[in-house]
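below is the structure, and that's it, no one-letter string:
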């Protein structure tokens, strides 16, 4: 791992690991993304959630930083596969531009959708695709925001439902779905109720538990200030291998007590500095300013949500 910062700052990934209750999911980054609201459910479910965001940090004041995992300068593909180096990772595309669907995508369904202030009866596509690291960023830029980790695959002779309004065109190459039908239905419940084109509400939290019955983990791309942060959902506590990730990505991992997209980076850096026990010097230079209760420009902009009180 690098021990000194470049002029633009040291690549850092901030992370938090907390319990998650789908019936009461709490806020995401206010003003950028919300959960799709659902009917109240008396059932209490406890899942585990890891959130990662990132930035390049020039000093421990962390003022005016860009936030989001790719703000580290690393690709989404490299980050995702450093978290799950030996896993099968399947991307789920929803409301994708039909012309942008990869030719080797599976289970493609075309449908028409209308959104408020958007095009009427616009053609869109959903699909599933097992990915490698080099493909991930292109899919994310096209609109993919959900990934399944080690999902259950459909047997070749297993029945599946095709909801496209028309059959395949003449000589159109057709790849059947690779995911089990229960997982496909769960993914539709998760992402099929989006609000708006560039939707501020994109995921239905009550669908997550069912999805996790057919995969090891679910990765959702939530919005941070300048790019996405990663929300990793699992049924049991997921071990984050800090040392391996730092070595694979040449980043500094910074723990947060609450999700990083809601927190102040200067406080998290100050806490890490106090606990630093490695033989090497703390890699983030001091700004000669203590992380105190001083309200920063970001605090004002975010209406005080960047607090870990």
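Nice, I can see it. Bear in mind that the values here come from a model prediction, so they are computed numbers and not experimental data.

C-alpha from now on. contacts and neighbour counts both.
Fine.

how many residues are close by the closest residue to residue 105 other than its chain neighbours?
In space, residue 105 comes closest to residue 129 once its chain neighbours are excluded; the distance is 5.1 Å by C-alpha to C-alpha, 6 or more residues apart in numbering. Applying other C-alpha atoms under 10 Å, we find 23 residues neighbouring residue 129.

before we move on, what about residue 25?
By the criterion of other C-alpha under 10 Å, residue 25 has 14 neighbours.

shouldn't it be in contact with residue 206?
No. Counting by C-alpha atoms under 8 Å, residue 25 sits too far from residue 206 to count as a contact (9.1 Å).

what packs against the helix or strand containing residue 190?
Using DSSP states H and E, residue 190 maps to helix 181-191. The helices and strands touching helix 181-191, judged by 3 or more C-alpha pairs under 8 Å, 6 or more residues apart in numbering; DSSP states H and E, are strand 201-203, helix 208-212.

only the buried residues of the longest one, if you could.
Same thing as helix 208-212. 208-212 (16 or more other C-alpha atoms under 10 Å).

what is the nearest of those to residue 229?
residue 208 (17.7 Å; C-alpha to C-alpha).

next, the contact list for the closest one, please.
With contacts defined as C-alpha atoms under 8 Å, 6 or more residues apart in numbering, residue 208 is in contact with 22, 186, 190, 218, 233.

over to residue 51?
Counting by C-alpha under 8 Å, 6+ apart, residue 51 has contacts 15-17, 229-232, 259-260.

okay, and which of these map to strands?
15-17, 229-232 (DSSP state E).

tell me which two of those sit farthest apart.
17 and 229, at 13.6 Å, using C-alpha to C-alpha across those.

so which residues of the stretch 101-250 of the chain form strands?
Using DSSP state E, counting those that start in this stretch, the strands of the stretch 101-250 of the chain run over 106-113, 122-130, 146-149, 201-203, 217-223, 228-234.

ranges for the helices of the stretch 151-300 of the chain?
Counting by DSSP state H, counting those that start in this stretch, one finds helices in the stretch 151-300 of the chain at the ranges 181-191, 208-212, 242-249, 265-275, 297-301.

quick check: the gap between residue 122 and residue 254.
43 Å (C-alpha to C-alpha, to the nearest Å).

the more surrounded of the two?
For residue 122 and residue 254, the more surrounded residue by other C-alpha under 10 Å is residue 254, and the numbers stand at 21 against 13.

OK, contacts around the nearest residue to residue 234 once chain neighbours are set aside?
Among residues not flanking residue 234 along the chain, residue 217 sits closest, at 4.8 Å (C-alpha to C-alpha, 6+ apart). Shown in contact with residue 217 (C-alpha under 8 Å, 6+ apart): 148-150, 232-235.

by neighbours, which of those wins?
Highest neighbour count within these: residue 148, with 29 neighbours (other C-alpha under 10 Å).
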